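**Student:** here is a sequence with its predicted model. Questions after.
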Amino acid sequence: MTDKNEAVKPSEDLQQIVAEADTGGRKVKGFVGQLIFWVAVGWSLFQLWYASPLPFILGFGILNDTEGRSLHLGIALFLGFLCYPAFKKSSRTSVAWYDWILAIAGALAGAYFLLFYAQLATRPGQPNMQDIVVATVGLMLLLEATRRAVGLPMTVLAILFLVYILFGRYMPDVLAHKGASWERMLSHQWLTTEGVFGVALGVSSAFIFIYVLFGALLDRAGAGNYMMQVSMALLGHLRGGPAKVAVVSSGLNGLISGSSVSNVVSGGIFTIPLMKKAGYGGVKAAAIETMSSVNGQIMPPVMGAAAFLMVEYVGISYTDICKHAFLPAVLSYISLFYIVHLEALKMGLPAFAPGRDRSAKEKMIAWGLGLSGTIVVLCAIYWAAEAVKLAAGAAAPWILGFGLAALYVWCIRVAAKQPDLPQDVDVKNPVLPETWPTVKAGLHFMIPIGTLIWCLMIEELSPALSAFWATVVLMLLMVTQGPLTTFFRGQTSAVLKEAKAGAWQVIEGMNDGSRNMIGIAIATGTAGIIVGGITLTGLGLRMTEFVEFVSMGNVVIMLLFTAFVCLVLGLGVPTTANYILVATLMAPVIVELGAQSGLVIPLIAVHLFVFYYGIMGDITPPVGLASFAGAAIAGEDAIKVGLQGSVYALRTVVLPFVWIFNSQLLLIDVHGWWELAVVVFASTIACLVFAAATMNWFQTKSFWWETGLLLVATFMLFRPNFFMDKLYEPYAVKPAKEIYQIAKDTPSDFPLVLVIEGTNVEGDDVKKTVAVQLTKPGEGKLRLSEAGVTFTVLGDEVRIGTVKFGSRAKRGGFEQGWKVKQVEVDSGSPSAHWVFIPAFALIAFVYFNQRRRMKT
């Protein structure tokens, strides 16, 4: 991109890349275009209604989960056939007659549960001819829609699972099962909630849509551009400034968007040309933007679509998902920020846009005042809200709503006094905006984001209800920000015009959200075929034997195998479907085999492991779509961009292995604020040092032995327990008969660890280590019962009595009837954090050695 206009606005080719990947390649005008537009808007309105409390308040329009999923898929199939052309040569400006037939048939087949729910309820497991025909047509249409909207690899994968269901008796012994009839397969896949209409589609309809809609509206409101401009103002003048802008703005955009490709294009059209101008080169510039944008999917509170599935699969709240995912996401962005800084140092790049001559002391004071001021304001808002809730009781929501409205009006008044934010960046002659005026020009965008975080984290509302209230606040903002701004600027004649423009922005945002959801809804429906195949054939149980054979019981080899499967699937399967497949097949296997090796692996750690490696498919060649988008902007080879991005991704690739063996990285088993501070500090230093080692540059170019010392220090900071456990036994063994007393004495933030033994479903004698978190203090028997497990104590022998389905104990691997061999409690050994001292000494040695070499 050399022309200024190209840098300001995505080219048609880039827009087409985004459309083909996210929204559908067709852009139809006239009546058909309007029909697609308003159906998409209607879909958003339905999802808003479905997520809101209004159906229950008003007493009508109430849909159960199955009916909601059915309508969700029906609309997705209808729009899928109208928006996604059948072939590359198919028209992008008109809809073929056969696509209309497929769209209508898909809508009816998808909505079959909704249309015939009462009749289907009277014949469970006994489909009639109409059911068989509809299910057959529905599966075929879903597969075709998947081929168009998601890609051929996922379609082929789903077909393979259908073939496996029907012809399992002819498979090798390790995979063989008795097979299923055509009617049994169709009933399981289309007429129950075990297949297409299962958990994955349910999460899509209940959670994912409303968050995608929230992100689309926020971008339409101007929040994406605001975050870009703030990043430019804060960081653009630094050494390698455009690359740092790409990292920070993509991280901020990760708050509102889960699409890697659109993130690359929306931010990359500015940052990639600027990085090339700064001296990074096209390949590195595209790779930096690609990595920054892809990592947006791991940034809470609005993570990629797969994160919402964890709520169902792991059985913890979305708030807890965000808490566990927060530190790794921040570490990933901090280390990428450091990587681009090291690249600037290696290449000798000067400050990009010098002119703000401030001393280091002045910079520290400015950042310190800004950070501390922000913390003070946030704390004041929190304490004021809590005081109102305590004092006002039932009237508190109304008072807080009025206070939020007043805060919003004040923010708009402040923004109105600032010049409008530029909508583009002149890459030939970049002019950095002033920091404070730029920040003040969009403070009101923080209100809907703050509402979402408040509802999720403070009020602990459901993810869907939290997003609903945040979306309502955002819609009001979009309608009123223009009129209020013109009013405060004294342009009263334009108030009505701005109000109409704001309302139209809301409608267009609804269309954007629905178009972004087509592929996700279809992908989750097709993922249900795969999950249904696993549950119908019992493939999950066979995978345990297969993986144990491949890994020979070694947890590290097993994790490497899982990572490899994720990366291979990621070549053609989107992140959400990749996560569903691998998490369904592999997550229980990893936890089980880890337990048999004496290693307690939290279930959330395994699911985040799969999630992270699934995301890497957007980067790794030869099919990484985000890499292709970045390469198109930079005018470089996509394979080279993907390979360079993979090098930058090493710090993200390593983190999942770390938290499997050190769950404190996920803020699990972190006790007290002091330990939290130590863990965060040590993990941050470890990420930075690892980045320096992979770049072979710390203060200057590193010798091989210096890189080796940095890697050793990284390992010590990430795995301090590896060394301490060699010196001291981490657990003391207690007899099983003391389990109730031990459960009573176990602190709420410590797990109860047991070694149990018994016979598994394959008839093998197994011993494994399991753990369960006990909550509020109390009698041991009650605490265990609340965790979902009871015990039978007969003298010295203790056996597991019952394990409640879906409980923490069940997910922790407890098995009914198994014998408790021993209970393991903390041995009181010295903290593993003492290992940090020699690790820091190694880092300091390399640092001062390189500083000395630089002076000479």
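**Tutor:** Nice, thanks for sending it over.

**Student:** contacts, neighbours, all on C-alpha from now
**Tutor:** Noted.

**Student:** so Leu754, which of the three states?
**Tutor:** Three-state assignment for Leu754 (DSSP: H, G, I helix; E, B strand; the rest coil): strand.

**Student:** so it makes contact with Trp818?
**Tutor:** No. Between Leu754 and Trp818 there is no contact under Cα atoms under 8 Å: 11.4 Å.

**Student:** which of those two has more neighbours?
**Tutor:** Leu754 (23 against 19; other Cα atoms under 10 Å).

**Student:** give me the neighbour count for the nearest residue to Gln664 once chain neighbours are set aside.
**Tutor:** Distance criterion Cα to Cα, 6 or more residues apart in numbering; nearest residue to Gln664, sequence neighbours excluded, is Val670 at 6.0 Å. Burial of Val670 is recorded as 18 neighbouring residues (other Cα under 10 Å).

**Student:** assumed Val670 was part of a strand.
**Tutor:** No. Looking at Val670 with three-state DSSP, it is coil, so not inside a strand.

**Student:** distance of it from Phe681?
**Tutor:** Look at Val670 and Phe681: by Cα to Cα, to the nearest Å, they are 13 Å apart.

**Student:** burial measure for the nearest residue to Arg851 once chain neighbours are set aside, as a count.
**Tutor:** Nearest-residue entry for Arg851: Gln699, 6.6 Å, with adjacent residues in sequence omitted and distances by Cα to Cα, 6+ apart. Around Gln699 sit 19 other residues, with neighbours defined as other Cα under 10 Å.

**Student:** surely Gln699 is within a strand?
**Tutor:** No. Per three-state DSSP, Gln699 lies outside any strand segment and is coil.

**Student:** give me the pLDDT for Ala103.
**Tutor:** We have a pLDDT of 96 for Ala103.

**Student:** how about it: what's its closest non-neighbour residue?
**Tutor:** Phe78 (4.2 Å).

**Student:** just confirm the one you found is within a helix.
**Tutor:** Yes. Counting by three-state DSSP, Phe78 is part of a helix.

**Student:** got a list of what it touches?
**Tutor:** Applying Cα atoms under 8 Å, 6 or more residues apart in numbering to Phe78 gives the contacts Leu102, Ala103, Ile104, Gly106, Ala107.

**Student:** so where does Phe87 fall, helix or strand?
**Tutor:** Using DSSP states H and E, Phe87 sits within no helix or strand.

**Student:** so what's Val798 bridging to?
**Tutor:** Beta bridges link Val798 to Val793, judged by DSSP bridges.

**Student:** is it in contact with Phe791, as I believe?
**Tutor:** Yes. Between Val798 and Phe791 there is a contact under Cα under 8 Å: 6.7 Å.

**Student:** break the chain down into its domains, please.
**Tutor:** With domains defined by automatic domain parsing, the chain comprises 4-183, 528-727, 731-828.

**Student:** of those domains, which is nearest Gly202?
**Tutor:** Closest to Gly202 of the domains of the chain, according to Cα to Cα: domain 4-183, at 5.7 Å.

**Student:** dump the residue contacts of the residue lying closest to Val283 once chain neighbours are set aside.
**Tutor:** Spatially, and ignoring its direct neighbours in sequence, Val283 is nearest to Val641 (5.2 Å; Cα to Cα, 6+ apart). Residues in contact with Val641, defined by Cα under 8 Å, 6+ apart, are Val283, Lys284, Ala286, Ala287, Ser627, Phe628, Gly630, Ala631.

**Student:** ChimeraX command to pick out the buried ones of those residues?
**Tutor:** Command for ChimeraX that selects the buried part of those, burial taken from 16 or more other Cα atoms under 10 Å:
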select :283,284,286,287,627,628,630,631
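
**Student:** among the contacts of Val641, name the ones in helices.
**Tutor:** Val283, Lys284, Ala286, Ala287, Ser627, Phe628, Gly630, Ala631 (DSSP state H).

**Student:** quick one: least confident of these?
**Tutor:** Out of those, that is Phe628, at 74.

**Student:** number of residues surrounding the closest residue to it other than its chain neighbours?
**Tutor:** Residue nearest to Phe628 in three dimensions, not counting chain neighbours: Ala638, with 5.1 Å by Cα to Cα, 6+ apart. Counted with other Cα under 10 Å, the neighbours of Ala638 add up to 27.

**Student:** what separation do you get for Ala638 and Gln644?
**Tutor:** 10 Å.

**Student:** hmm, Leu48 is touching Tyr211, no?
**Tutor:** No. Using Cα under 8 Å as the test, Leu48 is too far from Tyr211 to be in contact (10.5 Å).

**Student:** circling back to that earlier point, give me phi/psi at the residue nearest to Gln664?
**Tutor:** Dihedral pair for Val670: phi -100, psi 120, per degrees, to the nearest 10.

**Student:** now for it: which residues touch it?
**Tutor:** Val670 makes contact with Gln664, Leu676, Asp749, according to Cα under 8 Å, 6+ apart.

**Student:** do you know how far the first one is from Glu312?
**Tutor:** Taking Cα to Cα as the measure, Gln664 falls 23 Å from Glu312.

**Student:** these two: which is more packed in?
**Tutor:** Taking other Cα under 10 Å, Gln664 and Glu312 do not tie; Gln664 has more neighbours (22 against 15).

**Student:** those helices in the stretch 351-500 of the chain, which residues are they?
**Tutor:** 360-392, 396-416, 435-440, 446-453, 463-488, 495-537 (DSSP state H, counting those that start in this stretch).

**Student:** closest one to His341 among the ones you listed?
**Tutor:** When the helices of the stretch 351-500 of the chain are compared (using Cα to Cα), the closest one is helix 360-392, at 17.0 Å.

**Student:** what about that closest one, average pLDDT?
**Tutor:** For helix 360-392, mean pLDDT rounds to 70.

**Student:** re the thing from before, higher neighbour count, Leu48 and Tyr211?
**Tutor:** Set side by side, Leu48 and Tyr211 show more neighbours around Tyr211, with 29 against 23, by other Cα under 10 Å.

**Student:** nearest residue to the more buried one in space, please, no chain neighbours.
**Tutor:** In this structure, Tyr211 finds its nearest non-sequential neighbour in Ala467, 6.2 Å apart by Cα to Cα, 6+ apart.

**Student:** enumerate every residue touching that neighbour.
**Tutor:** Contacts of Ala467 by Cα under 8 Å, 6+ apart are Ile210, Tyr211, Phe214, Leu452.

**Student:** which of those lies closest to Gly502?
**Tutor:** Ranked by distance to Gly502 (Cα to Cα), the contacts of Ala467 are led by Phe214 at 15.5 Å.

**Student:** tell me the spacing between that closest one and Asn128.
**Tutor:** 41 Å.

**Student:** who's more crowded, these two?
**Tutor:** Set side by side, Phe214 and Asn128 show more neighbours around Phe214, with 28 against 11, by other Cα under 10 Å.

**Student:** okay, and the more buried one sits in which element?
**Tutor:** Counting by DSSP H and E, the element that carries Phe214 is helix 209-221.

**Student:** just the residues contacting that helix, thanks.
**Tutor:** Outside helix 209-221, the residues that reach it (Cα under 8 Å, 6+ apart) are 44, 47-48, 51, 224-225, 256-258, 302, 445, 464, 467-468, 470-471, 474-475, 478, 505-506, 508-510, 512-514, 516-517.

**Student:** which other helices and strands contact the very next helix or strand once past it?
**Tutor:** Following helix 209-221 in sequence order, the next helix or strand is helix 223-235 (DSSP H and E). Using 3 or more Cα pairs under 8 Å, 6 or more residues apart in numbering; DSSP states H and E, the elements in contact with helix 223-235 are helix 241-253, helix 435-440.

**Student:** what angle do helix 223-235 and helix 446-453 make?
**Tutor:** 110 degrees (axes from the mean of the first three to the mean of the last three Cα atoms, to 10 degrees).

**Student:** how far does helix 223-235 sit from the chain's center?
**Tutor:** 22 Å (Cα atoms, centre = their mean, to the nearest Å).

**Student:** quick one: least confident helix or strand in the chain?
**Tutor:** helix 4-8 (a mean of 39; mean pLDDT, DSSP states H and E).
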